[in-house]
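Trainee: The following block contains a protein sequence and its predicted model.
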Amino acid sequence: MRLHEVVDLATSNAPPDRNTIDEIVGKGRKAQRRRRAGIAATGAAVAVVAVTAAVALPSIFGGTGQSTVIDAAAPSATTQNADTARWEFPADPFQFTFGAFEVGRWKVAAPIVASTSYQIAPVYLDGRTTNDKAVTQKEEETARIGDRPKKGGTSEPTIYAYLVLYRPGAFNPAGLAGATKLTVDGKEAYQVGGPGNGGMTRRTLAWSYDADAWAVLSTHSNSEEDPSDTELQKIVAGLKPSKATPAKLPFTLNYVPAGYQPVELGSHAMSGLNGIAAARNGDYGGAIFANPAPPTTGLVEPYGGVDGKSLPGSFQIFVVPSKNSNQTTGDTTIKCGNGFCTHRSKDGKTSIQVASDGRLSDAEMTKILQGLKLRNVKNDSTWVDAATALVK
């Protein structure tokens, strides 16, 4: 499932059973698709974020947004005093081993995505706007006008950035075509960048934060010079280890189809780069299962890549506020069609979905939803360690 299909799946009205994904995409929300096309051209992923008929998807690269991270967790004492701490690599990969930090203009939020191979955190840069939450229709219309610079003027300074922390052996720096080898803050590093699609400039900095373990900062900016190579490299000194903390999810499962394994999750976000692209949209959680599981070595980017493609043989679970999705029947009745099934919580405030691109039958997806037990989505203390939540 590509990024535009994920978005429309969760933001169009529930379609008749015989509609195809393409037919879903073709129904309405033209302004939203125009915005999304600009995002896709730059290679940025986008999540299930638009909310009702009156709400449209934000552009990551234009329109209204925040130029600083307003809701990222402050760096923990453990992280701040971690100069002598050692990196942990728990056998359970669904754990976070670094926290939020700031260095110079960079503001790195706490990681919200974990997989069998890496963790991902949203990254913000002072002076540049990141749109990672939904906007109203009025804001969408205003943003669309604002995105077009006046004659002789310039567009809003925007950026989409994220930090991926790979487990030892997971990342292959040799896969960064055309990269320049460097030493940054005493660490082996590789840097590559240049023009991207849609008029954006893409830059990537990878550095070895521990033996055979790499961190990668990726940025997509509408400026050729900001961040500069020097600015990019400043982030290296800020990354420190913290005590490994299990990722939490607001649900548990008692049924998973035979052969499927959990490979990626989002905590307070959707899974993968789709979740990072909507990091401040207020989503609760998500998970991806695959059969077979994807490789855990030799990677050059997160699963699904910057386009947010579905993994082969996978299905996804979405748990979001009902206002963030109108792809439901409006009650606890499970309705299926076009490779997904969906319903709402008993109080009607939470939307719960399973999508498989047709890989699973409606009966299998219904069984997954029937076995999904929702915790209090507003109270993290009731949430469950991912290693427990995702195993039947």
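Mentor: Now that the structure is in, tell me what you want to look at. Note that this is a predicted model, so its numbers are computed, not measured. Residues are numbered from 1 along each chain as shown.

Trainee: Quick check, residue 360 in contact with residue 259.
Mentor: No - counting by C-beta atoms under 8 Å, residue 360 does not reach residue 259; the two are 11.3 Å apart. Where C-beta positions appear, they are placed from N, C-alpha and C, glycine not excepted.

Trainee: more neighbours, those two?
Mentor: Between residue 360 and residue 259, counted using other C-beta atoms under 10 Å, the more crowded position is residue 360 (22 against 11).

Trainee: which regions of the protein lie under the pLDDT threshold?
Mentor: 1-84, 135-154, 195-198, 326, 328-329, 392 (pLDDT under 70).

Trainee: For it, which segments count as helices?
Mentor: Assigned by DSSP state H, the helices in the chain fall at 3-11, 21-25, 30-42, 77-80, 137-146, 229-233, 272-277, 362-370, 386-389.

Trainee: Run through the bridge partners of the closest residue to residue 209 other than its chain neighbours.
Mentor: Among residues not flanking residue 209 along the chain, residue 215 sits closest, at 4.7 Å (C-beta to C-beta, 6 or more residues apart in numbering). Beta-bridge pairing for residue 215 (DSSP bridges): residue 165, residue 207.

Trainee: for residue 215, what are its contacts?
Mentor: Contacts for residue 215 (C-beta atoms under 8 Å, 6 or more residues apart in numbering) come out as 163-166, 206-207, 209, 236, 239.

Trainee: Can you lay out these as TSV showing neighbour count?
Mentor: Formatted as TSV, the contacts of residue 215 follow (neighbours: other C-beta atoms under 10 Å):
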residue	neighbour count
163	26
164	26
165	24
166	24
206	26
207	23
209	19
236	19
239	22
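
Trainee: any chance of the residues you listed in a markdown table, plus distance to residue 226?
Mentor: Formatted as a markdown table, the contacts of residue 215 follow (distance: C-beta to C-beta, whole Å):
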| residue | distance to residue 226 |
| --- | --- |
| 163 | 18 |
| 164 | 21 |
| 165 | 24 |
| 166 | 26 |
| 206 | 20 |
| 207 | 20 |
| 209 | 25 |
| 236 | 18 |
| 239 | 21 |
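
Trainee: Now the two most distant members of these.
Mentor: Spanning the widest gap among the contacts of residue 215 are 166 and 236, at 14.8 Å by C-beta to C-beta.

Trainee: on that earlier part again, any idea how far residue 114 is from the residue nearest to residue 209?
Mentor: Distance of residue 215 to residue 114, computed by C-beta to C-beta, to the nearest Å: 15 Å.

Trainee: go on, residue 91?
Mentor: Counting by C-beta to C-beta - residue 91 and residue 114 are separated by 14 Å.

Trainee: neighbour count winner among those two?
Mentor: More neighbours surround residue 114 than the other of residue 91 and residue 114, with 24 against 6 (other C-beta under 10 Å).

Trainee: Assess the claim that that one and residue 247 are in contact.
Mentor: Yes - using C-beta under 8 Å, residue 114 is in contact with residue 247, at 4.7 Å.

Trainee: is it true that residue 156 touches residue 131?
Mentor: No - applying C-beta under 8 Å as the test, residue 156 and residue 131 come out as separate, 9.5 Å apart.

Trainee: which of these two has more neighbours?
Mentor: residue 131 (28 against 19).

Trainee: how close does that one get to residue 390?
Mentor: In this view, residue 131 and residue 390 are 30 Å apart by C-beta to C-beta.

Trainee: And residue 220, by the same measure?
Mentor: 30 Å.

Trainee: And residue 186, by the same measure?
Mentor: Distance from residue 186 to residue 390, by C-beta to C-beta: 38 Å.

Trainee: Ok, residue 239 next?
Mentor: Plainly put, residue 239 is 27 Å away from residue 390 if you go by C-beta to C-beta.

Trainee: Thank you kindly, that will do.
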